[in-house]
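In: give me coordinates for this.
(chains A and B)
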Protein chains: 2
Amino acid sequence: MILKDKIRQAADILKEKKIDLWLTFVRESEVCGDPVLDLILGTSCTWQSAFMITASGRTIALVGSLDKANIESTGLYEEAAGYVAGIRDPLVEHLSALNPGKIAINYSESDTMADGLTHGMYLTLRSILEDTPFAERLVSSEKVIAALRGRKTPSEQASIQEAIAETEKIFDRVTGHLRPGLTEREVAAFMQDRVAEAGLKPAWDAAMCPAVFTGPESAGAHAGPTDRPMERGHLMNIDFGVRKGGYCSDLQRTWYFLKEGERQAPDIVLKAFHAVRDGIRLAAEAIRPGIEGYKIDAVARNHITGRGFEEYPHALGHQIGRMAHDGAGLLCPEWERYGTLPYEKIEAGQCYTLEPRVILDDYGVATLEEIIVVTEAGCRFLSTPQEEIYYIK
Amino acid sequence: MILKDKIRQAADILKEKKIDLWLTFVRESEVCGDPVLDLILGTSCTWQSAFMITASGRTIALVGSLDKANIESTGLYEEAAGYVAGIRDPLVEHLSALNPGKIAINYSESDTMADGLTHGMYLTLRSILEDTPFAERLVSSEKVIAALRGRKTPSEQASIQEAIAETEKIFDRVTGHLRPGLTEREVAAFMQDRVAEAGLKPAWDAAMCPAVFTGPESAGAHAGPTDRPMERGHLMNIDFGVRKGGYCSDLQRTWYFLKEGERQAPDIVLKAFHAVRDGIRLAAEAIRPGIEGYKIDAVARNHITGRGFEEYPHALGHQIGRMAHDGAGLLCPEWERYGTLPYEKIEAGQCYTLEPRVILDDYGVATLEEIIVVTEAGCRFLSTPQEEIYYIK
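Out: Numbering: from 1, shown residues only, chains lettered A, B, ... in the order given. This next block holds a predicted model:
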């Protein structure tokens, strides 16, 4: 159902972007899968395959003959053609019949989610089109894919919200379970058991989902949990998400382990946490369709540096959907590694994380990650924001 | 342990192929992962990353700063460097220090497993190297990856054999469970329960693993099981594999449902099954290092057409390893869709499936899939070949 909606949406986007044909060219998709297949196919293919969607809404799948039955069973392509010896001739025939002026293919320097065409397959496509007028009509599909992935339909938004609700339930269980002496690895195992118990999957590589960081000089992000124990007087934070019904959550929460006699965290810790929390609030207030992502990143970044803390070494937020990192427009600074992504305009229906951080040399990391959906007027939180540090006695 | 061995093996292969540096350039590897990371990293990375192995055995990982701890924890790269703003400058610095004459990167028109570099990442790399002498030193790593994936170490061979043993156990359970009237879907569900029970994973997309085909005009291959019931007088075949310890099996077996009063399958069915079985035997007898794959395919293909049956519409066999379809040299006919793969020379240590088929209009498909490992002298079966049709009364 969602996939049918997305394919219909794709045709509208092609019209808007003045692209006549969108050609997804792929093989052995379980190994070198184009991530866009999640949105327009929902299964895998083995041999060189061409999935074609036109601005007028025509849908054609040209696949190896042994893949044909499986592709037909999706019910997504009105025409499914199978070939035996090679895709060259039937592909050129289909293109000649459609005669598209602009053909979008899936490569992008900036956006991983729109970069599913491998270089080898690109060379093959160039060679197939060599003596045709179509070779010169190829353009990048990055704007099409960014719009298609980004503009979540109401059912997609509902799916993300369900994944978030499951995640928040597990965070609540963790708070009840924490005590000094537990190791990062033990906390991660407890959470993974809850994920399995609920019949869910981790939103990313299970070895780092959850990622659990305790105390000063922890690994920082994108690392697995260690045998380091939780200690009184330290911050602990968890980066965690689940996948439910094909859609992901991705949230971060922060805890503080009170020392004997302490009733709250030290002032500097509170100040850091509040800088993160308020950075998120201010960014959420500023966000609306039409603004470039880097301007929203700057709202949170400037708030945090204005409070006297160092800036966070990453983006304020990424889009979330079928993947935890769902690609396209980021809320990020104008750094080389982000390419053109800082300049993408925010659109209604996009779902973003907001995740600034402050690193405190003596305590650990104060961080939060919330999720919002962009509306016509601004945005709406899909997660229930953490307002104060969670304390463990 | 296996990964350390493979990285050491990679350096030897680079020397043999006269490549100075092998550069795996990748980002967001969980989404658009280069399949070679399974052999040289074993985890994922988020930002643009360069994994460098030299012919002299040096190993350098250049990754986003937040990925560094995770990459270091693999213990596979003697040097792990993290960057914050962008990979451009540090990558050029590393290349300048190494000054390699030939740099292999992961693209290939023929071999999916060596085609992990996306076209967008290729363009980025070209742009990074634009004003350096290295831009003109880029070559395809396809020969390196084919050798590295193909030449299985003894521990890799043992892992494949374990996956095969599990698969054969489940096939035995199926034979005891089959009766006319069961549907393809019910048989598949029974097998999937056995896979879960044994703590294993399917070797490919669970929706088609096992693939179960009963009777005439079944979908053929690469399709999921249907609600079609098994009937007396029909053939039934199953294509199935499991993943254990990171390595796969992939086997096919054939059953015949005896009619009332029948003591064996009709002559034409026996003749077809024996043509398949003997095609495999003859191909296994012919295989040895140094022969091109298409010559082995021809042995089985000619035997089957010589027995009066139509040729099978696919390759005789593919390599198997971390993936069920492990890429590189195939035992396949000289068809366009196989590119240069038919001409790759067979090497010792490679593991191949042998899987011809005969389609019988009135009965279904007679097929087998066995697995062999190539030795210096010839080959050895890793599976226990099915010698006769399994009968269901």
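In: strands of the stretch 1-150 of chain A, residue ranges please.
Out: A:21-26, A:49-54, A:59-64, A:79-83, A:103-105, A:138-140 (DSSP state E, counting those that start in this stretch).
In: can you tell me which of those strands is packed in deepest?
Out: strand A:21-26 (a mean of 25; mean count of other Cβ atoms under 10 Å in any protein chain shown). (C-beta placed from N, C-alpha, C; glycine too.)
In: pLDDT of that one, averaged?
Out: What strand A:21-26 shows for mean pLDDT is 98.
In: send the alpha carbons of that strand over as PDB?
Out: Extracted as PDB, the C-alpha positions of strand A:21-26 are listed here (Å, rounded to 0.1, in the frame of the first residue of the first chain):
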ATOM      1  CA  LEU A  21      11.600   9.100 -17.200                       C
ATOM      2  CA  TRP A  22      13.200   7.800 -14.000                       C
ATOM      3  CA  LEU A  23      15.300   4.800 -14.600                       C
ATOM      4  CA  THR A  24      16.600   2.600 -11.700                       C
ATOM      5  CA  PHE A  25      19.200   0.300 -13.200                       C
ATOM      6  CA  VAL A  26      20.300  -2.400 -10.800                       C
END
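In: now for that strand, which elements pack on it?
Out: helix A:2-17, helix A:37-40, strand A:49-54, strand A:103-105, helix A:119-129 (3 or more Cβ pairs under 8 Å, 6 or more residues apart in numbering or on different chains; DSSP states H and E).
In: can you pull the residues of the stretch 51-200 of chain A lying near chain B?
Out: Counting by Cβ under 8 Å from any Cβ of the partner chain, the residues of the stretch 51-200 of chain A close to chain B are A:64-67, A:69-70, A:73, A:83-88, A:107-124, A:127.
In: of the residues you listed, grab the buried ones for ChimeraX.
Out: Listed next is the ChimeraX selection for buried residues among those, using 16 or more other Cβ atoms under 10 Å in any protein chain shown:
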select /A:64,65,66,67,69,70,83,86,87,88,107,108,109,110,111,112,113,114,115,116,117,118,119,120,121,122,123,124
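In: re the thing from before, turn the helices and strands packed on strand A:21-26 into a markdown table, including mean pLDDT.
Out: Output for those, formatted as a markdown table (pLDDT from 0 to 100):
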| stretch | mean pLDDT |
| --- | --- |
| helix A:2-17 | 96 |
| helix A:37-40 | 94 |
| strand A:49-54 | 98 |
| strand A:103-105 | 98 |
| helix A:119-129 | 97 |
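In: can you put those in JSON lines and add distance to residue B:240?
Out: What follows is the helices and strands packed on strand A:21-26, written out as JSON lines (distance: least, Cβ to Cβ, whole Å):
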{"stretch": "helix A:2-17", "distance to residue B:240": "27"}
{"stretch": "helix A:37-40", "distance to residue B:240": "24"}
{"stretch": "strand A:49-54", "distance to residue B:240": "23"}
{"stretch": "strand A:103-105", "distance to residue B:240": "35"}
{"stretch": "helix A:119-129", "distance to residue B:240": "29"}
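In: between those, which gets nearest to residue B:45?
Out: helix A:119-129 (18.7 Å; Cβ to Cβ).
In: secondary structure class for whatever residue is furthest in space from the centre of chain A?
Out: If you look at how far each residue of chain A sits from its centre, by Cα atoms, centre = their mean, the farthest one is residue A:261, at 42.3 Å. Using DSSP: H, G, I helix; E, B strand; the rest coil, the structure places residue A:261 in coil.
In: separation between it and chain B?
Out: Distance of residue A:261 to chain B, given as Cβ to the nearest Cβ, to the nearest Å: 34 Å.
In: confidence score at the residue nearest to residue A:116 when sequence neighbours are not counted?
Out: In space, and not counting its chain neighbours, residue A:116 is closest to residue A:34: 2.7 Å by Cβ to Cβ, 6 or more residues apart in numbering or on different chains. Residue A:34 carries a pLDDT value of 94.
In: ok so, going back, residue contacts, the residue farthest from the centre of chain A?
Out: Residue A:261 makes contact with no residue under the criterion Cβ atoms under 8 Å, 6 or more residues apart in numbering or on different chains.
In: from residue A:393, how far out is it?
Out: 11 Å (Cβ to Cβ, to the nearest Å).
In: neighbouring contacts of the helix ranked longest in chain A?
Out: As assigned by DSSP state H, the longest helix anywhere in chain A is helix A:154-177. Here helix A:154-177 makes contact (Cβ under 8 Å, 6+ apart) with A:1-2, A:5, A:152, A:187, A:190-191, A:194-195, A:198, A:200, A:203, A:238, A:240-249, A:251, A:253, A:255, A:320-321, A:349, A:351, A:371, A:373, A:382-384, A:390, A:392.
In: now the buried members of those residues.
Out: Here, 16+ other Cβ under 10 Å leaves A:2, A:152, A:187, A:190-191, A:194-195, A:200, A:203, A:238, A:240-244, A:247-249, A:251, A:253, A:255, A:320-321, A:349, A:351, A:371, A:373, A:382-383, A:392 buried among those.
In: let's see which of those end up in strands.
Out: Among the buried ones among the contacts of helix A:154-177, the members falling in strands (DSSP state E) are A:238, A:240, A:242-244, A:247-248, A:251, A:253, A:255, A:351, A:371, A:373, A:392.
In: from the chain's centroid, how far away is stretch A:260-272?
Out: Distance of stretch A:260-272 from its chain centroid, counting by Cα atoms, centre = their mean, to the nearest Å, is 34 Å.
In: any idea how far apart the tips of it sit?
Out: End-to-end distance for stretch A:260-272, by Cα to Cα, to the nearest Å: 22 Å.
In: what of stretch A:320-336?
Out: 22 Å.
In: stretch A:130-138 now?
Out: 12 Å.
In: try stretch A:318-333
Out: 12 Å.
In: can you tell me if it touches chain B.
Out: Yes: Stretch A:318-333 is in contact with chain B by Cβ under 8 Å from any Cβ, via A:323, A:325, A:327.
In: my guess is the second one contacts residue A:317. True?
Out: Read it as residue A:325. No: the pair residue A:325 / residue A:317 is not scored as a contact, 10.5 Å apart, by Cβ atoms under 8 Å.
In: contacts for the worst-scoring helix or strand of chain A on mean pLDDT next, please.
Out: Within chain A, no helix or strand scores below helix A:68-72, which has a mean of 91 by mean pLDDT, DSSP states H and E. If you take Cβ under 8 Å, 6+ apart as the criterion, helix A:68-72 is touched by A:41, A:43, A:45, A:49, A:61, A:63, A:77, A:80-82, B:208, B:219-220, B:222-224.
In: buried ones among the residues of stretch A:318-333 next to chain B?
Out: Looks like the residues of stretch A:318-333 next to chain B have A:323, A:325, A:327 buried, using 16+ other Cβ under 10 Å.
In: closest residue of the stretch 201-350 of chain A to chain B?
Out: residue A:336 (3.2 Å; Cβ to the nearest Cβ).
In: who's in contact with that residue?
Out: B:85, B:86, B:88 are the contacts of residue A:336 under Cβ under 8 Å, 6+ apart.
In: check those residues one by one and keep those near chain A.
Out: When Cβ under 8 Å from any Cβ is applied, the members of those adjacent to chain A are B:85, B:86, B:88.
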